[in-house]
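Chemist: Kindly generate the corresponding structure for this input.
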Amino acid sequence: MPLSKEEVEALKRERDDAIRKLSEAGEAKGELEQRVIDLEERTSLLDSQLRLAEETRTTWPGLDFAWCSEFSLSELRQATRNFSDATKVGDGVYRGVLRNTTVAIKMLHSHSSSQFQQEVGVVSRVRHPNLVTLMGCCPEASALVFEFLPNGSLEDRLARRDDTPPLAWQARTRIIGEVCSALVFLHSCEPRPVTHGDLNPANILLDANLVSKLGDYGASRLPTMTDPGSSPCTDPELLITGELTADSDVYSFGVVVLRLVTGQPALGIARKVEEALEKGEMEALVDRSAGEWPFPQAEKLMLLGLQCAELSSRKRPARMSQVWRVVEPLAKAASMPVAPESLVHSFGESHMPSYFICPISQEVMRNPHTAADGYTYEAEAIKGWLDSGHETSPMTKMPLAHRHVTPSYALRSAIQNYMQQHQQKMPPRSV
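Modeler: Reported below is the predicted structural model:
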């Protein structure tokens, strides 16, 4: 029996509906398959990124602070011969070898878990060539593992412990510039500035080439009279008010400057320099063991030190960035590298740090290496200098103790971060 017209139309509608649903199912299947492919690609990319991060952490721990190597207590014990006195290099600090690398292990037994986490959080998020590099940590023992700096502390060198030679005035001026630069960086950290709170020559460490690096910059604690943090460099207002601010670092920096220029003990040093200023006898206070320090430069540094070490914080420079404006030209005069004007202008008023520039090629360094004179150069530039038969420093013209150059991974990372951040901030060029 033939179908009626209405039945035929109904079958057509059912057929079309089935075809439509099949088509939609096919499209949905295709979308699901594409999503699966996308997820697989994203997973593969994430896996490769994680592998790269792990390789970076293991090979060059100073390059990526977001990935902090974790060490076990048994590893620390083995590295320090069970924390023997023979490996002790400071109060709660031990020298050891971890994973074929010489390190300094700082024990924080007196810290609570939250304080330990806070300090790890601070030191793991800041990178600067004049800050001691965090290599890892041991939560089990509340310990931090840092790079080991073989020349000890600035205090040891000023005291000429173990008959070490006196620091030349050029090196002292360079160290003043390095410490100032590190403090400017800490105070401008985002999202939260970092105040050192315990700046003194014992916490300024020197690497194999006498480049200075600040240690203990993650504690940010209030010193007490029994705490090693309470020193002649400690801000008197901090001890009275208990309020730790950047002003305290300004005060401590001033005392460090006076200590470097005069060679005098830190206790009462500001008063001695002030009395010499009143009598017109400041030149007699300059430490002659540092060599023929040009008095005009030494005088400017002593006046700056006095201003920073004012007892009242209201009389001190308001920010370390203001101090840097005085220190920078003095550091340049002592033969620190200078940034070309074209580079300064290209980054506007942000002002590229001078130590990013190779003093030989006068270009931003891509592969910085430190030589025996303590200065850092582009690898090709310093190797070309040495291969040309030179046996003296390109900066000081003094004989080099050796021809070895050491890669500066922390500086390279800092340059890369700076360039990326400031390129993003630069306004688009007008057409």
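Chemist: alpha carbons only for contacts and neighbour counts from here, please
Modeler: Will do.
Chemist: Grab the nearest non-local neighbour of the residue nearest the centre of the chain.
Modeler: Central residue of the chain (CA atoms, centre = their mean): His128, 2.2 Å from the mean position. In space, and not counting its chain neighbours, His128 is closest to Ala414: 6.0 Å by CA to CA, 6 or more residues apart in numbering.
Chemist: all helices of the stretch 201-350 of the chain, in order?
Modeler: Listed in chain order, the helices of the stretch 201-350 of the chain (DSSP state H, counting those that start in this stretch) span 236-241, 246-262, 269-279, 295-308, 320-333, 341-346.
Chemist: Number of residues surrounding Arg81?
Modeler: 14 (other CA atoms under 10 Å).
Chemist: Quick check: the residue nearest to it when sequence neighbours are not counted vs Ser74, distance?
Modeler: Closest residue to Arg81 apart from its sequence neighbours, by CA to CA, 6+ apart: Thr87 at 7.6 Å. Using CA to CA, to the nearest Å, we find Thr87 at a distance of 16 Å from Ser74.
Chemist: do Ala371 as well
Modeler: 36 Å.
Chemist: So which of these two has more stuff around it?
Modeler: Ala371 (23 against 12).
Chemist: list the contacts for that one?
Modeler: Counting by CA atoms under 8 Å, 6 or more residues apart in numbering, Ala371 touches 209, 377, 382, 403-406.
Chemist: ok, now with 7 Å
Modeler: 404-406 (CA atoms under 7 Å, 6 or more residues apart in numbering).
Chemist: Kindly give a single PyMOL line that selects the buried subset of those residues.
Modeler: Of the contacts of Ala371, the buried ones go into a single PyMOL selection, burial set by 16 or more other CA atoms under 10 Å:
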select buried, resi 405
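Chemist: any weak-confidence spans in the chain?
Modeler: 1-3, 8, 26-27, 29-68, 109-115, 218-230, 335-352, 422-431 (pLDDT under 70).
Chemist: Break it down into its structural domains.
Modeler: The chain breaks down into these domains under automatic domain parsing: 69-147, 150-336, 341-424.
Chemist: any chance of those in JSON lines, plus distance to Glu24?
Modeler: JSON lines is the format used below for these (distance: least, CA to CA, whole Å):
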{"stretch": "domain 69-147", "distance to Glu24": "51"}
{"stretch": "domain 150-336", "distance to Glu24": "50"}
{"stretch": "domain 341-424", "distance to Glu24": "45"}
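Chemist: closest one to Lys12 among these?
Modeler: Closest approach to Lys12 among those (CA to CA): domain 341-424, 61.4 Å.
Chemist: Work out the gap between the closest one and the centre of the chain.
Modeler: 16 Å (CA atoms, centre = their mean, to the nearest Å).
Chemist: what separates Asp162 from Val364, distance-wise?
Modeler: Applying CA to CA, the value for Asp162 to Val364 is 38 Å.
Chemist: More neighbours: which of these two?
Modeler: Counted by other CA under 10 Å, Asp162 and Val364 do not tie: Val364 has more neighbours, with 21 against 8.
Chemist: so how far is the helix or strand hosting the residue nearest to His128 off the chain centroid?
Modeler: Assigned by DSSP states H and E, Ala414 falls within helix 409-425. Its chain's C-alpha centre and that of helix 409-425 lie 12 Å apart, by CA atoms, centre = their mean.
Chemist: Show me what counts as buried in it.
Modeler: 409-415.
Chemist: In contact with Glu391: list those residues for me.
Modeler: Contacts of Glu391 by CA under 7 Å, 6+ apart are 399-400.
Chemist: Can we start the residue count at 343 from this point?
Modeler: Right, with 343 as the first residue, what we last looked at is Glu733.
Chemist: I'd like to know how far it sits from Arg516.
Modeler: 22 Å.
Chemist: do Gln704 as well
Modeler: From Gln704 over to Arg516 (counting by CA to CA), the distance is 18 Å.
Chemist: Neighbour count for those two, which is higher?
Modeler: More neighbours surround Arg516 than the other of Gln704 and Arg516, with 26 against 17 (other CA under 10 Å).
Chemist: one step back: sticking with the residue nearest to the centre of the chain, tell me its helix or strand.
Modeler: His470 belongs to no helix or strand, assigned by DSSP H and E.
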